[in-house]
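Undergrad: structure for this input, please:
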Amino acid sequence: MTTAVLIKFLVIILIGYIIGSIPFGVIIGKRLAKVDPRSQGSGKMGTTNVLRVAGKKAAVLVLLLDLMKGALPVIIAWLLLKGRYQIDAGTLDWFMLKSAAALAALAAMAGHIWPVFLKFKGGRGVTTFYGGMFALCPPVAFLSGQVFILGASTTRFVSLASIAGAVVTYLVLIPLTIFSGFPWENLLFGMVGSIVIILTHRDNIARLISGRERKLGEQSETPATAATGTGLSQVNAPVMVGLTELKWSRQNLHR
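TA: Numbering: from 1, shown residues only. Below you'll find the predicted structure:
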């Protein structure tokens, strides 16, 4: 029994990672807008950056496909492990059977963030996280989605809304797991997933603190410009020089 369950468990985790590694943002960006989202804006392949560099249609498709990346491994885990297993609680088999769906969703997040098809450089894992949570526990996913929508619409900081939605997911699952008997594996997914999302937004958090974070709808930059912060000054420099020369020439005309 242990061998059979172990093989299925490992296959499920591998499937989750491979599905998560599919770079839908890059594929859709190139097909619909002839642009690689990694070359502009934040340099990521997620929905927000695709919206900035490739438009609404491409962003909606990426959103739906990335949600599917999180949900599909959970469904596959349920299908592969369904059946009657006579096992004792607390054993290795029991842990693998109970946690397979949640760990498959986390594997999909890992694939999105470190995709094997893009030399392990991908997105931030937010949409894939919500997709996995929706498959595991739709009511909590709906609530955290509302937090994200409210945060993004009021502050226009998608990064802040993403972090808030993930953290709320975990915080809501704590009492539901303790007092309402919700599966502990959902809490595991919420905890690890929210921590991962915070870590993948470290640069956004730094920009939020310094007041340099771009809001939703603001013009995108190239990764090099965003990293150095010199692009704007280089563009404005000749303009300022021209204005100065014009000011002096007007003064000379009136002398």
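
Undergrad: what's the burial count for Pro175?
TA: Pro175 has 10 neighbouring residues, counting by other Cβ atoms under 10 Å. For glycine as for every other residue, the C-beta is placed from the backbone atoms N, C-alpha and C.

Undergrad: what's the next secondary structure element after the host helix or strand of it?
TA: In the assignment (DSSP states H and E), Pro175 maps to helix 158-179. The element immediately downstream of helix 158-179 (helix or strand, assigned by DSSP H and E) is helix 184-200.

Undergrad: list the contacts of that following helix.
TA: For helix 184-200, the surrounding residues in contact (Cβ atoms under 8 Å, 6 or more residues apart in numbering) are 98-99, 101-103, 105-106, 109, 113, 124-126, 129, 132-133, 136-137, 140, 162-163, 166-167, 169-170, 173-174, 177, 205.

Undergrad: let's go with 6 Å and repeat that
TA: 98-99, 102, 105-106, 124-126, 129, 136-137, 163, 166-167, 169-170, 173, 177 (Cβ atoms under 6 Å, 6 or more residues apart in numbering).

Undergrad: same question, stretch 146-163
TA: The contact list for stretch 146-163, computed with Cβ under 6 Å, 6+ apart, reads Thr48, Val126, Ala164, Gly165, Val168, Ile198, His201, Asn204, Glu213, Lys215, Leu216.

Undergrad: generate JSON lines for those, with distance to Leu81 as supplementary columns.
TA: Converted to JSON lines, the contacts of stretch 146-163 look like this (distance: Cβ to Cβ, whole Å):
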{"residue": "Thr48", "distance to Leu81": "34"}
{"residue": "Val126", "distance to Leu81": "27"}
{"residue": "Ala164", "distance to Leu81": "33"}
{"residue": "Gly165", "distance to Leu81": "29"}
{"residue": "Val168", "distance to Leu81": "29"}
{"residue": "Ile198", "distance to Leu81": "30"}
{"residue": "His201", "distance to Leu81": "33"}
{"residue": "Asn204", "distance to Leu81": "37"}
{"residue": "Glu213", "distance to Leu81": "42"}
{"residue": "Lys215", "distance to Leu81": "44"}
{"residue": "Leu216", "distance to Leu81": "40"}
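
Undergrad: from those residues, which would you call buried?
TA: Using 16 or more other Cβ atoms under 10 Å as the burial test, those include Thr48, Val126, Ala164, Gly165, Val168, His201, Asn204, Glu213 as buried.
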